[in-house]
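**Q** fold the following and give me the result.
(2 chains)
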There are 2 protein chains.
Amino acid sequence: MKENAKKITQAHGAGGRDSAELMRDVFGKHFSNNILDKLEDGAVLPWNVAARPVVSTDSFVVKPIEFRGGDIGKLSVCGTVNDLLMMGAIPKYLTCGFVLEEGLEIATLERVVASMAATARAAGVLIVAGDTKVIESSAKANEGGGGLLIGASGIGSLRDGATPSASNARPGDAVVVSGNLGDHHACILSARMGIENDIASDCAILRETTDSLLDNGIDVHVMRDVTRGGLGTVLNEIAALSDVTVELSEIDIPVNAGVAAFCGVMGLDPLYMGNEGKMIAIVPKEQAARAVNLMRATDTGRNARVIGEILLPSERDRNLVAMKTKVGGTRRINALFGEGLPRIC
Amino acid sequence: MKENAKKITQAHGAGGRDSAELMRDVFGKHFSNNILDKLEDGAVLPWNVAARPVVSTDSFVVKPIEFRGGDIGKLSVCGTVNDLLMMGAIPKYLTCGFVLEEGLEIATLERVVASMAATARAAGVLIVAGDTKVIESSAKANEGGGGLLIGASGIGSLRDGATPSASNARPGDAVVVSGNLGDHHACILSARMGIENDIASDCAILRETTDSLLDNGIDVHVMRDVTRGGLGTVLNEIAALSDVTVELSEIDIPVNAGVAAFCGVMGLDPLYMGNEGKMIAIVPKEQAARAVNLMRATDTGRNARVIGEILLPSERDRNLVAMKTKVGGTRRINALFGEGLPRIC
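**A** Purely as a prediction, here's the structure:
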């Protein structure tokens, strides 16, 4: 670390002149737009009066802050926008709250902010309100430099007629996944452990993929991005909320060869690994092949495939998630219990 | 600290079963409502289609987490709701993101969550979406127990015809403050330094006070809550955005006797101290007396008074904030520079 690199100090969080300079030179420079530039306590949103608002919120903590395929800024926009997309909303606006640890290099912060701005532009959303706080540095952060947390909320408008919901899975539906599982989790763990490999985070906006389904008349019952807790946990939530059983086919679950090898060495299960650019769509079985083809025509859905089906609730165990294994057995898939695997967020 | 008190662990943030239990037993128990209980990735909001949405966002970090007059939960709701009120919005919905440090006692978390829920009910807002992350404990936090950060966003609907804005102050306007300055800041500093006194935070929802002005036809040009950075900083922002000069009268600025004594001993200036339940309203001079009377009829505006006026931009120094002192001089009031005084947030 350079001795004279500019760093975040408590003065940047005190609400006075240093805070204002940080606003202007870092946040304002990259986020500038007609609404944010008013510098009010909040933002009045232009709004199509016929549309219902949809909101989502998430907090982002990841170390390292910058990783192969993204950084915490890109991650915060992708995660928040993807949650709106999963609700059948058109993402419109973002708010963000930064919590900066004393000692954070301002150059690092600016890279993260620029990355957020670029991701927001690509996603077609405006950052309309924000806030910054500075906290004391923890001893651990001192070893590796100041930390950074981002809280983000998203506001979108509900698409006409869109009703995807985690409680809408129905017996006879197919479970489609948009691509390979485990990339983000394996990337972050590799970076933490100093392991050199080519695994990049899948961190991405899923808009093209959700649009391809909804614009083409697929009757999507459920959409969920497969983040923290992994596919196993997400499917257990859906099974419980929809009161159904889910049956997966292990052989159909796509995992990148490098990630599969990494998982093999580390004893990790891709079913419980977090992703930041993968989703499942649960659709009527007769539309599944078309849904897969539509998704495959998009960048973020290139490796889409059907990985399972929705069954009636099982008599003995109503909301079971089970998996037919490669060797022909059946394995119960529980929600993630305890930590399960090395934590990344 | 009890040896066997239940504490937050990394498993509570892993997105699996322990996370789900925390959701159900702490957050769900206190925040339960028809929208949040759907457990989707986001929330579809019921909406009066004629109203424009207004959003605000803030992050809350305060130590101690619980203090005389409030706690971080109450603070997060008050701060977010007050920002909406200052925009002329009717607060409707809140989202919240919790960042929990390992080791936080679950009983403490539950008290904070219950306090948020009670404050939200009193403010008439629904908590519609949330998120929880767990981070490693810092060495400093270990000394005093796990920490807790809250990020919150608020969504409100713009009142018919309401246009208060920090750029709307006009020469001839009067500056009205809703009550005594410095209480919150002095309370937090006292708690940090182990000083025993009766100073309580002013942490409060300002809705009754803003409603009293807007419902009774006061033509409010600017409303701002006087938080981080204090009155001096807020007025400098308004002077710059409205291109005016502000002249305060020191003798009229209300400060509680206990707080004034505390400030005297500590060498603090109430003009730069943060408040969590105080606002200024800038209104036409001829409506100022009525505005003060309306505010005084409310709980959070009991000590309202006129403290200054808006003048034409000064020729030498366009956006000056000045104060006539008690001894008859004039003092320039700059925005807070550097840290200025012991930090509380």
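
**Q** what helix or strand is the residue nearest to the spatial centre of chain A on?
**A** Centroid check for chain A by C-alpha atoms, centre = their mean gives A:G79 as the closest residue, at 3.2 Å. Using DSSP states H and E, A:G79 falls within helix A:72-86.

**Q** all helices for chain A, in order.
**A** A:17-22, A:29-31, A:72-86, A:106-123, A:139-144, A:183-193, A:207-214, A:230-242, A:257-266, A:288-296 (DSSP state H).

**Q** got the contact list for A:V128?
**A** For A:V128, the contact set (C-beta atoms under 8 Å, 6 or more residues apart in numbering or on different chains) comprises A:N33, A:I35, A:L36, A:A43, A:L45, A:Y93, A:L94, A:T95, B:V55. Heads up, the C-betas are built off the backbone N, CA and C, glycines and all.

**Q** one more: A:L94?
**A** By C-beta under 8 Å, 6+ apart, the contact list for A:L94 reads A:V77, A:T80, A:V81, A:A120, A:V125, A:L126, A:I127, A:V128, A:A152, A:S153, A:G154, A:I155.

**Q** still on that earlier bit, nearest residue to the residue nearest to the centre of chain A other than its sequence neighbours?
**A** Leaving out its chain neighbours, the residue that sits closest to A:G79 by C-beta to C-beta, 6 or more residues apart in numbering or on different chains is A:D58, at 5.0 Å.

**Q** got the confidence number for the one you found?
**A** For A:D58, the pLDDT comes out at 93.

**Q** same question, A:G194
**A** Looking at A:G194, its pLDDT stands at 92.

**Q** residues near it, how many?
**A** Neighbours of A:G194 under the rule other C-beta atoms under 10 Å in any protein chain shown: 6.

**Q** follow-up on the earlier one: in terms of mean pLDDT, which of the helices of chain A ranks lowest?
**A** Sorting the helices of chain A by mean pLDDT places helix A:139-144 lowest, at a mean of 49.

**Q** give the full set of residues in contact with A:I127.
**A** Contact partners of A:I127, counting by C-beta under 8 Å, 6+ apart, are A:F31, A:N33, A:L36, A:Y93, A:L94, A:T95, A:C96, A:M116, A:A117, A:A120.

**Q** the strands in chain A, which residues?
**A** For chain A, the strands defined by DSSP state E cover A:43-44, A:53-60, A:66-67, A:70-71, A:89-101, A:126-135, A:148-158, A:173-177, A:222-225, A:245-249, A:279-284, A:305-311, A:321-324, A:330-332.

**Q** over to A:G229: give its phi and psi.
**A** Backbone torsions of A:G229, given as degrees, to the nearest 10, read phi 100, psi -20.

**Q** make sure it is actually in contact with B:A14.
**A** Yes. In this structure, A:G229 is within contact of B:A14 by C-beta atoms under 8 Å, at 6.8 Å.

**Q** overlap of the contact sets of the two?
**A** Any residue near both A:G229 and B:A14 by C-beta under 8 Å, 6+ apart counts here, and that gives A:L336.

**Q** out of those two, which sits in the busier spot?
**A** Counting neighbours by other C-beta under 10 Å for A:G229 and for B:A14 shows that B:A14 has the greater number, 26 against 22.

**Q** circling back to that earlier point, of the contacts of A:V128, keep whichever come out buried.
**A** Among the contacts of A:V128, those scoring as buried are A:I35, A:L36, A:A43, A:L45, A:Y93, A:L94, A:T95, B:V55 (criterion: 16 or more other C-beta atoms under 10 Å in any protein chain shown).

**Q** output those residues in a markdown table, with pLDDT and distance to A:Y272 appended to each entry.
**A** Formatted as a markdown table, those follow (pLDDT from 0 to 100; distance: C-beta to C-beta, whole Å):
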| residue | pLDDT | distance to A:Y272 |
| --- | --- | --- |
| A:I35 | 88 | 40 |
| A:L36 | 88 | 38 |
| A:A43 | 89 | 38 |
| A:L45 | 89 | 38 |
| A:Y93 | 95 | 33 |
| A:L94 | 95 | 29 |
| A:T95 | 95 | 31 |
| B:V55 | 94 | 34 |
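
**Q** in CSV: these, plus distance to B:A261.
**A** Formatted as CSV, the buried ones among the contacts of A:V128 follow (distance: C-beta to C-beta, whole Å):
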residue, distance to B:A261
A:I35, 44
A:L36, 41
A:A43, 40
A:L45, 45
A:Y93, 46
A:L94, 45
A:T95, 40
B:V55, 40
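
**Q** closest one of those residues to A:H185?
**A** A:L94 (24.4 Å; C-beta to C-beta).

**Q** so how far is B:A322 from the closest one?
**A** Using C-beta to C-beta, to the nearest Å, A:L94 is found at 39 Å from B:A322.

**Q** what of A:T119?
**A** From A:T119 across to B:A322, the span is 44 Å (C-beta to C-beta).

**Q** kindly report the domain assignment for chain A.
**A** A:10-158, A:173-332 (automatic domain parsing).

**Q** which of these sits most buried?
**A** Comparing these by mean neighbour count (mean count of other C-beta atoms under 10 Å in any protein chain shown), domain A:10-158 comes out on top with a mean of 22.

**Q** and it, end to end?
**A** With C-alpha to C-alpha, to the nearest Å as the measure, domain A:10-158 spans 41 Å from end to end.

**Q** ok so, going back, out of the strands of chain A, nearest to B:K7?
**A** Closest approach to B:K7 among the strands of chain A is made by strand A:53-60 (19.6 Å; C-beta to C-beta).

**Q** give me the beta-bridge partners of A:I282?
**A** Beta-bridge pairing for A:I282 (DSSP bridges): A:V175, A:V222.

**Q** and it, what does it touch?
**A** Counting by C-beta under 8 Å, 6+ apart, A:I282 touches A:N168, A:A169, A:D173, A:A174, A:V175, A:V176, A:V220, A:H221, A:V222, A:M223, A:I238, A:I310.

**Q** now it: how far from B:G13?
**A** Applying C-beta to C-beta to A:I282 and B:G13 gives a distance of 27 Å.

**Q** for B:H184, which of the domains of chain A is the nearest?
**A** Nearest to B:H184, of all the domains of chain A, is domain A:10-158, at 13.0 Å by C-beta to C-beta.
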